[in-house]
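# my questions are about this predicted structure, shown below with the sequence.
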Amino acid sequence: MDTQVWIVIIVLMGGVIIFLGALLYTQKHRSEELRDRFGPEYDRTLRERGSQKQAEDELEARERRVTRLKIVPLSPADAARFSEAWRSVQNRFVDNPRGAVAEADRQVTELMNRRGYPTGDFEQRAADLSVSHAAVIEHYREAHVIARRAETDGADTETLRRAIVHYRAIFDELLEVQQNEPRVQSTERKETSSWKAKIGRDIFRRPI
């Protein structure tokens, strides 16, 4: 082959190498962004799907779905109403733990609905919430499991207490008030750190 042919081959090979390098970099960057955004939810989805591509495709699909939803913050009046409702849940726990757990589940669902989240299938609710609230979504799943057990009297009082704590984590996270309005404080100050910091806190030391 003459020199010109070799030059063309070398240029083509160089282009392929550059393209593959750019593709690998893009995929790595995509994975890092998703892992950083979803935290433990990324690993959970990866375990369920068994494939990094399938897991990341699902997480991106969640993002696209939630982007199309009209998620709104609460008005101060709504925030005050929900905070009072939660205090009633906690007070009810003393005399009726199972009833309090059922009411906590209902309050979280109602709060989601008020914020603009669809409230149909539980797994879809959890998937939607994981996009913006990945730090506490596992609390929601744990609470849901206990709540289902409680329906058949399959949970003791301490287990039910944990369910209330789990529900409170997602409840506090969703209690977001409109900006430029006085923020209504819940019974405890809401932490606003990253999901990594939230995962590290000992939420079970908080009173219900």
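Arrived safely.
# need the contact list for the nearest residue to Val101 once chain neighbours are set aside.
Residue nearest to Val101 in three dimensions, not counting chain neighbours: Ala163, with 4.8 Å by CB to CB, 6 or more residues apart in numbering. Using the backbone N, CA and C atoms, a C-beta is placed for each residue, glycine as well. Contacts of Ala163 were listed using CB atoms under 8 Å, 6 or more residues apart in numbering, and they are 101, 104, 142-143, 146-147, 150, 155.
# and the pLDDT for the residue nearest the centre of the chain?
Centroid check for the chain by CA atoms, centre = their mean gives Ser130 as the closest residue, at 2.5 Å. pLDDT recorded at Ser130 is 93.
# please identify the helix or strand for it.
According to DSSP states H and E, Ser130 maps onto helix 122-132.
# who touches that helix?
Contacts for helix 122-132 (CB under 8 Å, 6+ apart): 38, 41, 62-63, 65-66, 69, 71, 109, 112, 117-119, 137, 140-141, 144, 170.
# for the host helix or strand of Ala61, buried residues please.
Ala61 is part of helix 52-68 when elements are defined by DSSP H and E. The neighbour-count check on helix 52-68 (16 or more other CB atoms under 10 Å) flags 55-56, 58-59, 62, 66 as buried.
# kindly report the same for stretch 30-47.
Buried, per 16+ other CB under 10 Å, within stretch 30-47: 34-35, 37-42, 44-46.
# so can I have CSV of the residues you listed showing secondary structure and pLDDT?
Below are these laid out as CSV (DSSP: H, G, I helix; E, B strand; the rest coil; pLDDT from 0 to 100):
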residue, secondary structure, pLDDT
Leu34, helix, 87
Arg35, helix, 90
Arg37, helix, 87
Phe38, helix, 89
Gly39, coil, 86
Pro40, helix, 88
Glu41, helix, 91
Tyr42, helix, 91
Arg44, helix, 91
Thr45, helix, 93
Leu46, helix, 91
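# nearest to Pro76, of those residues?
Using CB to CB, Arg37 comes nearest to Pro76 of the buried residues of stretch 30-47, at 29.1 Å.
# just for the chain, where's the confidence low?
1, 5-6, 8-9, 19-29, 178-208 (pLDDT under 70).
# got the domain ranges for the protein?
For the chain, automatic domain parsing gives the domain ranges 3-68, 76-205.
# of these, flag the one that's most buried.
Most buried of the domains of the chain, by mean neighbour count (mean count of other CB atoms under 10 Å): domain 76-205, with a mean of 17.
# so who does Glu84 touch?
If a contact means CB under 8 Å, 6+ apart, then Glu84 has no contacts.
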